[in-house]
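*Asks:* would you be able to build a 3D model of this:
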Amino acid sequence: MAVDAMAVLSRTFQNTNDLGRKIVQSDAQIVFDEFPDMPLLVKQFPWPVATVGDVIETYGPNGQLMVQPKQVKTKQEGPVALYETAKGQASEMLKALIANGSYLNATVFEGRPDDFLRKEDLKNLVLVMDTPDRDWENDAQTLLFQGTLHFHWFANQ
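*Replies:* Okay, here's the model as predicted:
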């Protein structure tokens with residue numbers, strides 16, 4: 001490893017700071033349109049990101065493998081986790097969700113809904129929850145419903 005001169009380190013430090021401060025993972029919130037009280041029970045949710053869906057492989061001369069991007073990925077997914085309460089709010093929300101057709105719309109905020117840097121609109125969310133494993137010997141952990149949140153995102157277009 002080379003030892004860099006202080007001037008190089010100073011420029012690197014300044015260039016990094018010029019890009020702006022880093023975003024803290026927990027500084028975000030999701031608000032379901034149909035269930036405005038639930039954000040306080042959401043521990044984890046996916047954040048949309050602009051990306052292509054995958055690549056298309058093609059062959060060129062001499063068997064050279066080349067790639068080109070597929071269509072932009074608008075259907076996204078990621079882990080979601082909801083805390084359950086003694087009153088059963090998470091369970092009741094999931095039942096009401098099924099009764100209402102199993103689709104949600106939501107907005108994710110970088111920050112809080114009343115004070116945010118940016119927000120993204122998520123369309124046609126579908127919650128697929130795993131069956132929770134209740135452990136009667138575990139008296140030090142809250143009940144958490146975990147699963148996968150599938151959604152569509154069009155970069156607010």
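
*Asks:* when you work out contacts or count neighbours from here on, use the C-alpha atoms and nothing else.
*Replies:* Noted.

*Asks:* any idea which helix or strand comes after the helix ranked longest in the chain?
*Replies:* Criterion DSSP state H: the longest helix present in the chain is helix 6-18. Past helix 6-18, further along toward the C-terminus, the next helix or strand under DSSP states H and E is strand 29-32.

*Asks:* what packs against that next one?
*Replies:* Applying 3 or more Cα pairs under 8 Å, 6 or more residues apart in numbering; DSSP states H and E, one finds that strand 29-32 makes contact with strand 104-112.

*Asks:* following element in sequence after the strand it packs on, please.
*Replies:* Sequence order places strand 115-129 as the next helix or strand after strand 104-112, per DSSP H and E.

*Asks:* and the contacts of that next one?
*Replies:* 48, 102-111, 145-156 (Cα atoms under 8 Å, 6 or more residues apart in numbering).

*Asks:* tell me where the model's unsure across this structure.
*Replies:* Counting by pLDDT under 70, the chain contains low-confidence ranges at 1.

*Asks:* residue closest to the middle of it?
*Replies:* Nearest residue to the geometric centre of the chain (Cα atoms, centre = their mean): Pro46, 1.3 Å.

*Asks:* quick check: Glu84 touching Leu41?
*Replies:* Yes - counting by Cα atoms under 8 Å, Leu41 is a contact partner of Glu84 at 7.3 Å.

*Asks:* what do those two both touch?
*Replies:* Common neighbours of Glu84 and Leu41 (criterion: Cα under 8 Å, 6+ apart): Ala90.

*Asks:* thank you, goodbye.
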